[in-house]
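Undergrad: No sequence on hand, only this structure:
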């Protein structure tokens, strides 16, 4: 019986708490009040300009890096060929 009374009391509390006002919270938060000042702040700002010097520097850096990696690969290939030649010579002498 106590569980029934407790359940009935809790149901009544929840039912009464749902009887609040019908104010719509979305009316207070309008997007125009936030976006309008930001749009007005950007009215006299010039368009962005492309920085060609930075792009050219980036391109030359990338080219230099690519050339360095190609040179490193070439050096590694020469070293491998020298090692192979030395191994072949050692194998020939061992026979």
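TA: Arrived safely, thanks for sending. A quick note: this is a predicted structure, and the numbers were derived from the prediction, not measured.
Undergrad: Let me know the next secondary structure element after the worst-scoring helix or strand of the chain on mean pLDDT.
TA: Ranked by mean pLDDT, DSSP states H and E, the weakest helix or strand in the chain is helix 32-41, scoring a mean of 63. Where DSSP states H and E defines the elements, the next helix or strand beyond helix 32-41 is helix 52-94.
Undergrad: May I have the phi/psi pair for residue 46?
TA: Main-chain dihedrals, residue 46, degrees, to the nearest 10: phi -70, psi 160.
Undergrad: got it, and residue 51?
TA: phi -90, psi 90.
Undergrad: That one: neighbouring residues, count only.
TA: 10 (other Cβ atoms under 10 Å). For glycine as for every other residue, the C-beta is placed from the backbone atoms N, C-alpha and C.
Undergrad: next one: residue 49
TA: Look at residue 49: counted by other Cβ under 10 Å, it has 6 neighbours.
Undergrad: try residue 10
TA: Neighbour tally, residue 10, other Cβ under 10 Å: 10.
Undergrad: quick thing: my sequence starts at 31, can you match it?
TA: In the new count, where the first residue is 31, that last one comes out as residue 40.
Undergrad: Tell me the spacing between it and residue 118.
TA: 92 Å (Cβ to Cβ, to the nearest Å).
Undergrad: With residue 110 instead?
TA: 13 Å.
Undergrad: Please apply the same query to residue 80.
TA: Distance, residue 80 to residue 118, using Cβ to Cβ: 56 Å.
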